[in-house]
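[1] have a look; sequence and predicted model below, questions after that.
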Amino acid sequence: MGDLLKRSVALAVLLAAVGPMGAAGPLAPAEAMADGAPKLETLLETDTTNLGQTLAYPESGAPRITAVIVTLEPGQETGRHRHAVPLFGHVLAGEVTIDYGARGTKTYRAGDAFMEAIDTWHNGRNTGADTLRILAVFMGAEGAADVERPWGRVRPREPG
């Protein structure tokens, strides 16, 4: 993978996870400057997906990072889909259970971070009592679909 794509991915994940906020909220000037650097909390450091697959980035096309918030009401499902590109997920609120069929299920709650399975059909369901919100950061490339449904490839809807 090219250095530009590696740097873009690392920066996108850092900005999506921390941005102008610290992990516990806005950085107060005293906190941010206490030792000369902002406080950072690692949400996830891995080279595999949540199913143990080695991470692999798209090899063709210009790098494209897309960050979206997925919102599901209690009992609502994502529908069966898969991702051909790496996807970093951070549960902001609620609880999700992801069903990977014969590969089992995984449950994540507010504060949990994960790398989603690649090229594996799955369905997410809000199994909590409250609204589920997940920050999803797709680490793709121009021409690569972020999401594939049984009926075709799709990208998250553009804002605006």
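    Sure, I can see it.
[2] neighbours around the residue nearest to residue 115 when sequence neighbours are not counted, how many?
    Excluding the flanking residues, the one nearest residue 115 by C-beta to C-beta, 6 or more residues apart in numbering is residue 49, at 4.7 Å. From N, CA and C alone the C-beta is placed, and that goes for glycine too. Residues near residue 49, counting by other C-beta atoms under 10 Å, number 20.
[3] repeat for residue 67
    Neighbour tally, residue 67, other C-beta under 10 Å: 17.
[4] next SSE after the strand or helix carrying it?
    Using DSSP states H and E, residue 67 sits in strand 63-72. For strand 63-72, the following helix or strand on the C-terminal side (DSSP H and E) is strand 87-93.
[5] CA atoms of that next one as PDB?
    Output of strand 87-93 as PDB, limited to C-alpha atoms (Å, rounded to 0.1, in the frame of the first residue of the first chain):
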ATOM      1  CA  LEU A  87     -14.400  -0.200   7.900                       C
ATOM      2  CA  PHE A  88     -13.600   1.200  11.400                       C
ATOM      3  CA  GLY A  89     -16.600   1.300  13.700                       C
ATOM      4  CA  HIS A  90     -17.000   3.100  17.000                       C
ATOM      5  CA  VAL A  91     -20.300   2.700  18.900                       C
ATOM      6  CA  LEU A  92     -21.200   6.200  20.100                       C
ATOM      7  CA  ALA A  93     -24.500   5.200  21.800                       C
END
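[6] tell me what angle the strand holding residue 67 forms with strand 87-93.
    30 degrees (axes from the mean of the first three to the mean of the last three C-alpha atoms, to 10 degrees).
[7] and strand 63-72, what does it pack against?
    For strand 63-72, the packing partners by 3 or more C-beta pairs under 8 Å, 6 or more residues apart in numbering; DSSP states H and E come out as helix 3-17, strand 123-126, strand 132-141.
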